[in-house]
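# Predicted model follows, preceded by the sequence.
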Amino acid sequence: MRDIFIVCNNHEELGGLQRWVHHVGGLFAARGHRVHVIGVTHAAEPHDYGRDLPYELSVLHDTPPPSRSGGRLRAMRRRSVQRRGAARLSRLFRAARPGGVIIAAQVWAMEWVALADTAGMPVIGMSHESYQATKASSRYQRVKRHFADVNRFLVLSTEDADSWARDHMSNADFMPNPLHVVPSTLPDLSRPVVELLGRLSFEKGQDMMLEAWAEVTRSFPNWRLRLYGSGPDEEVLRHQASDLGVDETVEFAGATADVEGALNEASIFALSSRMEGFPMSVMEAMAYGLPTVAFDCAPGVRELITHESDGLLVRPGNTTEFAEQLARLMSDEDLRAKLGRQARTSVRRFSADMVTDRWERMFELVDR
Amino acid sequence: MTDVSVIVIVYNDADRLPAAVRSALGQSHRDVEVVIVNDASTDGTAAVADELAMAEDRVRVIHRAENSGGCGQPRNDGIAAARGTYLMFLDSDDTLDRHACRNLVAAAEEHEAELVSGCCWRVYPDKDEERVWYRGVYRERGVYASVREYPELLYDTLSTNKLYRRDFLDREGLRFVERLHYEDLLFSTQAYLAARKIAIIPHRVYNWMIYEKAETLSITNQRAELRNFSDRLEIFRRIDAVYARYGADDLKLSKDVKFLNHDLLLYVRGLRSRDDDYREAFLALAREYMATIDPRAYDEAHELQAIIGFMVAQGDYEGAVSAADYVGKGKTGKPRLTAPLVERDGRIYWSGDHLDTEQGRRILDVTELGIHSLPLKSLNPGGSVTEMVRDGRVLRLAGDVVNPLDRIGAGVPLSARLEFRDRSRTGRFFAVPAEVTHADGRLRWTAEVLPGRDVRPLGFLDQSWGLRLRLEAGDEELFIRLFANQPMEMSVPVRPRLTRLAGDHFEAYIPENGEMAFRLVAYGWAGRVTLATLRRFAATGRGRRWWTALLRAERRWRDVFTRRKTKIAVYNRLFVRLPIRRDTIVFESHLGKQYSDNPKYIYEELRRSGGKHTAIWSYAKSPAGFPKDARLVRRGSWQYYLALARAGYWVDNQGFPQDAAKRPQTTYIQTWHGSAYKRMGFDDPELKRGSKARRSRFQRTIDRYDAFLIRSEHDARTLAKGLGVRAELIRSGYPRNDALVNGGDTAKLAEQLKLTGDERTVVLYAPTFRAGANGKAQKKFEMPFDLEEFAEELGETHVLLVRPHYLNTAVVPPSLRGVVRDVGAVHDVTSLLLLSDALVTDYSSLMFDYALLDRPTVFFAPDLEDYVRSRGTYFDLRKEGPGPVLSEPDELFAALADLPGLTTRYAKKRREFLEKYGEYDRGTAAKQVVDRFFTGDSNA
């Protein structure tokens, strides 16, 4: 029984990281730990994560702290605001009994943890995206600076951990996301529907999905492509679909909260992203026994899917190959059933129990 | 019980011991104890160690009564005293990474491994530098039930970057051997073989500190080195015994291969700077050991390393050392060809000796290295100084240069200059004239120099000077570094520019790399005092820091000046404000690598039409082959950027430097270099998946074009669209193809290729670009069919011209000279197309151009499916190609044997192909472009 502090940017928004925070918070609490989830700031549009949660929630700043940009004066103000937040954090930490542990779930939140008095507790840092994605962004320098001295720096897959280790982060290790759905009904894989869930945005690559779709749809006129999600690129994508002449067979289904309902309508799941971390959507699809066709765009994707065994991987950006693999699945119900079945089995490696056990071992390790 | 015991051995190292111990105590994993074993140090080490133990409960000290002279005994003492579940070894001058124990213990427990090994870094505190040790072995984590699943691990022979389960060492009775050097090698081998589970992690665990040592080798040092070598061989023999015990023949073989590739090479490389006694003793030891080597090792070792081993076994000193010279060594050690080589029965051999056995011929056959067809300028023949005589203030020097395979013919006019070059600054030298002549298979050179007048070092900053011969042989220019075969005692007066205090004489010496060099020394009393004081100061910590800082600042300044980034910045901020010169045109073909393709034909048309423009051609490496009546600038030089900034026109077929902005007043004519079969630009998966930033960077590059040449509407739909071209499309066809429509003269090329009067059918084989596994150009192109077989089947009736893509090279053995010609060095492909009777290609865009000639084309594409899948293509080659698509060599030879049949069978397809993909090639492209942009009325 430990005191576990999870510090993140905010825990109120509707997003992948927040879902993760509330999920593991619940899992730790269920193992008897005293969990405290701390957001640095409030979300602009808070999502309802329920009441009577088995863990405590706190927010350090009522108003968002000043951003990094701007002149010297602003930097000074930012520092003083940050110090006040860190002092609040220190007070929360001080309440911990021996054996406590701090998880800094994001690098921005880590800035506060670094300023706070951690009361001798080990700090575990985390990055929820692939090494390549971080490397390509401004977060790279910050990750290297702020996470250099934490006790353990966790990323989502072994391959990402190894990349960080080679890049002078000798505290790098991995911790996969736990599976967070428990299917009550499974799709029967007979409906002619290919599905993709994700924000309509450049990163998620729906433009490449449409190109691939244009190459298969002629041979499979009764099949539909259903794109769940909303986002900034919706207009562009609708235009592209009509330019490609596929608007008849592509449905823009909008955002949905009913994942189970959505996945039960499909026979094939597609992931056309340019960048990913450890894609939860693929994990869900696997849990529901859907065969997945995915661009091999991140180590997390490779860690989830073994090509030809529990899904199909395609070289990133190769839309022709993507189309070929879709066509293979669309024309072969047995193959769909086989890959789907194996996906359901293999995704159990990331069951909540397995991943929580790994966390428990991690807590013991950083204590030694 | 403690998790980890770190055993720190120390001998006379009081200064550094505390840092080592602190690195163990400061681990993020706190459950660590330290056992210091003091090997009877005679300095203050004992006291320092005791102090460390006093201050911290987790530290214990063992003082040995007498010195062991090695690392084995003290480590064994440490093992005996250790209490941890796991053990680690740390040397007193090294340190552990802060998370070493945590990572190693985590891996050991997660996988129940008995041995866990992590990455070691070599740290050079003097140079403020660090390098990873065997990253290839430590790329990613792994778990192995035996080292035989991962034999690469044997390359890492350290015992220190590892964590051992204590009970594992006890079970196997594993301890260090005593009274021999290289105890690590034996210990790590035994541990690898005995462990039932081994885990690997890519994390840095160990910092191996390397401090600079004095460079020169005294006699005693040499003797010590020989003793070390014999210890090393003894350890190897014992390792062989370990392998034998485990029945691990495969591992012995890989160890032998490593011995050839690595160990032996290191020693043989050093032989050049050792004396005769040493060489003899070394060879005797090595030769004896070579008898134990598995003969298969020669076949698995690298080509040259196998030769070294073989030559050592034969007792052929020159043969061994010359092979070592030709093994490259990082940036500075370019491969140097010091063996003359011989040609026998159409094959090339390293030496004319030892060819009487099958083994000898196999090992010494170096045809595949392609030295016989390498361009002269990349040959890098070895040169040496054989005589050096001082006559007053004058220095007379003489020496020779190897002439491999008589590549520098007797008829070629020769001239040379001898250069004294600053060894720490490229491009700074003083030159004097030299005489050079052919003499018994070599080139002999002589020169006379008055160092006091001809060579003017600054002093202090430029202490060391090397010798280089700049040789002109016909059109080609070679730079040959001069080496010394034995030490020469010589000094001669010089006058440093700064002050005599910096020295007054040049003294000959041989630095580590074996070069003939001079260093500045002082004989006058003032200089002697100054230099000695400076050297003493430089040896102190602060002095060294100052000195390094000074040198570093100087180097940084030079780097900044020559860096591409600097030039681009100056270009974009300053050069583009200079006035434009409307009538200058910068031409470039394939990034300056050739004088060829569309830009060449536009240039020639411009000259023919009497255009008064100033033409500037960019060349990448050598200006040889570029037109004499144009101004030539080296790509990437300051002049190049200046020319680009001020030009009225840019004409090229691939791309001027990406980040150089094009000014609105400049007209950029992008001719491109071929129609597209594979997907291009935004249609290429690589760019399709790319980030927004990358895609817009690409678009910006393309948006510099003002005009884009196309050959058909197919180009407009595929190439231009894929690249995202928004410039005007010029429907002129390709200037390089005018000759294919109008006919052209091939007599000169035929003569150059010795094909004049040859009645045989000429087949051009021109495959497309091949990338290696790393995505970069494969340096050596692997022929997908056997050239010998081609010669056997078709040699009587056909000649094969091999032209790999310009980024790849192919090797044609001399025995096939009569049948196969390597035409990779011919810049201009158009004349090759004209000369040939048939084309064999896979996916090269030459297929589109060749269609204009209406001659037979054969597609030899064994990897078609894979190519189509991985890159994506714009049409189906099997359906639309103007010739058969084949994948078996037999099919290829059969098709070539019956070219007339092929010609008739594919006549219709060729016509359709041409109509669809070459509609605008009418033979007037160059004229259209020149009229439109340079001489037309609108451009008067």
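Yes, it's here.
# Chain A: strands as residue ranges?
A:3-8, A:34-41, A:56-61, A:101-104, A:123-126, A:152-155, A:172-174, A:193-197, A:224-228, A:250-254, A:268-271, A:292-295, A:312-314 (DSSP state E).
# elements contacting the longest one?
When you say that, I think you mean strand A:34-41. When contacts are defined as 3 or more C-beta pairs under 8 Å, 6 or more residues apart in numbering or on different chains; DSSP states H and E, strand A:34-41 sits against strand A:3-8, helix A:16-30, strand A:56-61, helix A:72-94, helix A:107-115. In this view, the C-beta of every residue, glycine as well, is placed from N, C-alpha and C.
# and the first one, average pLDDT?
Throughout strand A:3-8, pLDDT has a mean value of 94.
# Give the pairing partners of that strand; include direction for each.
strand A:34-41 (parallel), strand A:101-104 (parallel) (DSSP bridges).
# mind giving me the domain ranges of the chain?
With no chain named, the answer covers chain A. A:3-178+A:351-367, A:193-349 (automatic domain parsing).
# Correction: the question concerned chain B.
According to automatic domain parsing, the ranges for chain B are B:4-209, B:219-229+B:243-373, B:411-523, B:567-733, B:744-917.
# Report the rounded mean pLDDT for the first one.
Going back to what we said before, that points to domain B:4-209. Domain B:4-209 comes out at a mean pLDDT of 93.
# gap between the two ends of that domain?
22 Å (C-alpha to C-alpha, to the nearest Å).
# residues of stretch B:199-211 that come out buried?
With burial defined by 16 or more other C-beta atoms under 10 Å in any protein chain shown, the residues of stretch B:199-211 counted as buried are B:199-210.
# So is it next to chain A?
Yes. Contact of stretch B:199-211 with chain A (C-beta under 8 Å from any C-beta of the partner chain) involves B:201-205.
# for that stretch, the distance to its chain's centre please.
26 Å (C-alpha atoms, centre = their mean, to the nearest Å).
# Could you identify which of the strands paired with strand A:3-8 is most buried?
strand A:101-104 (a mean of 28; mean count of other C-beta atoms under 10 Å in any protein chain shown).
# Could you identify which of the domains of chain A is most buried?
domain A:193-349 (a mean of 20).
# Just the endpoints, please. Distance across that one?
Terminal-residue distance, domain A:193-349 (C-alpha to C-alpha): 28 Å.
# Is B:I348 within a helix or a strand, and which one?
strand B:347-349 (DSSP states H and E).
# which residues are contacting the helix or strand following that strand?
Next in sequence after strand B:347-349, counting helices and strands by DSSP H and E, comes helix B:358-364. With contact meaning C-beta atoms under 8 Å, 6 or more residues apart in numbering or on different chains, helix B:358-364 is reached by B:295, B:298-299, B:306-307, B:310, B:349-351, B:354-355.
# Let's test this: mean pLDDT of whichever helix or strand comes after helix B:358-364, rounded?
Next helix or strand after helix B:358-364 toward the C-terminus (DSSP H and E): strand B:383-391. For strand B:383-391, mean pLDDT is 89.
# re the thing from before, please dump the buried residues of stretch B:199-211 into JSON lines; it should also carry secondary structure for every row.
Output for the buried residues of stretch B:199-211, formatted as JSON lines (DSSP: H, G, I helix; E, B strand; the rest coil):
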{"residue": "B:A199", "secondary structure": "strand"}
{"residue": "B:I200", "secondary structure": "strand"}
{"residue": "B:I201", "secondary structure": "strand"}
{"residue": "B:P202", "secondary structure": "strand"}
{"residue": "B:H203", "secondary structure": "strand"}
{"residue": "B:R204", "secondary structure": "strand"}
{"residue": "B:V205", "secondary structure": "strand"}
{"residue": "B:Y206", "secondary structure": "strand"}
{"residue": "B:N207", "secondary structure": "strand"}
{"residue": "B:W208", "secondary structure": "strand"}
{"residue": "B:M209", "secondary structure": "strand"}
{"residue": "B:I210", "secondary structure": "coil"}
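# For chain B, what lies in contact range of chain A?
B:3, B:28-31, B:97-100, B:102-103, B:105-106, B:119, B:135, B:139-141, B:201-205, B:684-692, B:869-870, B:872.
# Would you show me how to pick out the buried ones of the residues you listed in PyMOL?
With 16+ other C-beta under 10 Å as the burial test, the buried ones among the residues of chain B next to chain A are selected in PyMOL as follows:
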select buried, chain B and resi 3+28+29+31+97+98+99+100+102+103+105+106+119+139+141+201+202+203+204+205+684+685+687+688+689+690+869+872
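# The residues of chain B next to chain A in strands, which ones?
B:119, B:201-205.
# hey, which helix or strand in chain B has the poorest pLDDT?
Using mean pLDDT, DSSP states H and E, helix B:525-539 stands out as the lowest-scoring helix or strand of chain B, at a mean of 75.
# what's the model's confidence in the following helix or strand past it, averaged?
Per DSSP H and E, the first helix or strand lying C-terminal to helix B:525-539 is helix B:541-562. If you average the pLDDT over helix B:541-562, you get 79.
# contacts for helix B:541-562?
With C-beta under 8 Å, 6+ apart as the criterion, helix B:541-562 contacts B:126-128, B:424-425, B:461, B:536-538, B:566.
# can we see that at 7 Å?
B:126, B:461, B:537-538, B:566 (C-beta atoms under 7 Å, 6 or more residues apart in numbering or on different chains).
# quick check, B:I308 in a strand?
No. B:I308: not assigned to a strand; according to three-state DSSP it is helix.
# Next, the contact list for it, please.
By C-beta under 7 Å, 6+ apart, the neighbours of B:I308 are B:260, B:264-265, B:268, B:320, B:323-324.
# quick one: low-confidence parts of chain B?
B:212-223, B:330-332, B:771-780, B:806-807, B:937-940 (pLDDT under 70).
# still on that earlier bit, kindly reformat the strands paired with strand A:3-8 as a markdown table containing mean pLDDT.
Shown next, in a markdown table, are the strands paired with strand A:3-8 (pLDDT from 0 to 100):
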| stretch | mean pLDDT |
| --- | --- |
| strand A:34-41 | 94 |
| strand A:101-104 | 95 |
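# what's the closest of the ones you listed to A:R84?
Closest approach to A:R84 among these is made by strand A:34-41 (11.8 Å; C-beta to C-beta).
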